[in-house]
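A.B. asks: dropping the sequence and predicted coords here.
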Amino acid sequence: MTAVQTVFLVDDDAGVLRALSRVLREEGWRVETFESAEAFLVGHRPEAEGCLVLDVTMPGLDGLELQRRLAAGGPGLPIVFVTGHGDIPMSVQAIKAGAADFLTKPVQAHALVTAVRSAIAQADSARQARSDTDELRQRLASLTPRERDVLAALAAGKLNKQIAADLGVVEQTVKYHRARIMQRMQAKTVAELMHITARLGVAAGAPAGSSVSPIDRPSKPPRP
């Protein structure tokens, strides 16, 4: 079962907190309320997942400044702004800074629920993408220097015989490295491998080194 997400409400209007809390709890979310940005920062858990519904104009630390402070700590809660004093430049500023949505008061229940649900879904997808990318980086790190050379050449679109000539080895050795790369990167096809290299930003070009390792010497059959 999917864990219940928490929606964090920050607004200096107690009436707004009560009204929005009721709407969100009816949708099954856990809700935590704060009457100031400062109070939220005191109780904030960086590892928390869910969504932050944040008023823009508040005494002391305002919503936009809280957004900037949270962003400085890296990816965190998606933010849905709500305000009674919003204008187009303010909403553009918030969205450019990474806000998921910007709603004006009085907030319609359906609009709020839709915005929060969308923000949580986008954050979950981004979190999964980061996790997948981290795993791919670990696979890339498991490659030997020579395998990285071969991978860079493959990313440049070179054929096995061209790579062999560049590295000063026989083509069979290149095929061996290519098979090892496919295995370690868990790519079923060359096309999938190229998608992975593009995602990781693997530079396409000439091999990084010119020395021939023992495994490349044609006098001996390749060994794992």
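C.D. replies: Arrived safely, thanks for sending. Numbering: from 1, shown residues only.

A.B. asks: for the spatially closest residue to Leu61 that is not a sequence neighbour, which residues are in contact?
C.D. replies: Nearest residue to Leu61 in three dimensions, chain neighbours excluded: Ala37, at 3.9 Å (Cβ to Cβ, 6 or more residues apart in numbering). (C-beta placed from N, C-alpha, C; glycine too.) By Cβ atoms under 8 Å, 6 or more residues apart in numbering, the residues touching Ala37 are 10, 54, 58, 60-63, 65-66.

A.B. asks: widest-spaced pair of those residues?
C.D. replies: Leu54 and Gly60 (13.7 Å; Cβ to Cβ).

A.B. asks: and these two? Which one has more around it.
C.D. replies: Shown here are Leu54 and Gly60; by other Cβ atoms under 10 Å, Leu54 has more neighbours (27 against 11).

A.B. asks: phi and psi next, for that one.
C.D. replies: Dihedral angles of Leu54 (phi, psi; degrees, to the nearest 10) stand at phi -130, psi 130.

A.B. asks: show me what contacts it?
C.D. replies: Contacts of Leu54 were listed using Cβ under 8 Å, 6+ apart, and they are 10-11, 37, 63, 66-67, 79-82.

A.B. asks: what's across from it in the sheet?
C.D. replies: Using DSSP bridges, the bridge partners assigned to Leu54 are Val10, Phe81.

A.B. asks: coming back round to it: any chance of a ChimeraX selection covering the buried ones in the contacts of Ala37?
C.D. replies: Those of those that count as buried under 16 or more other Cβ atoms under 10 Å are selected in ChimeraX with:
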select :10,54,58,61,62,63,66
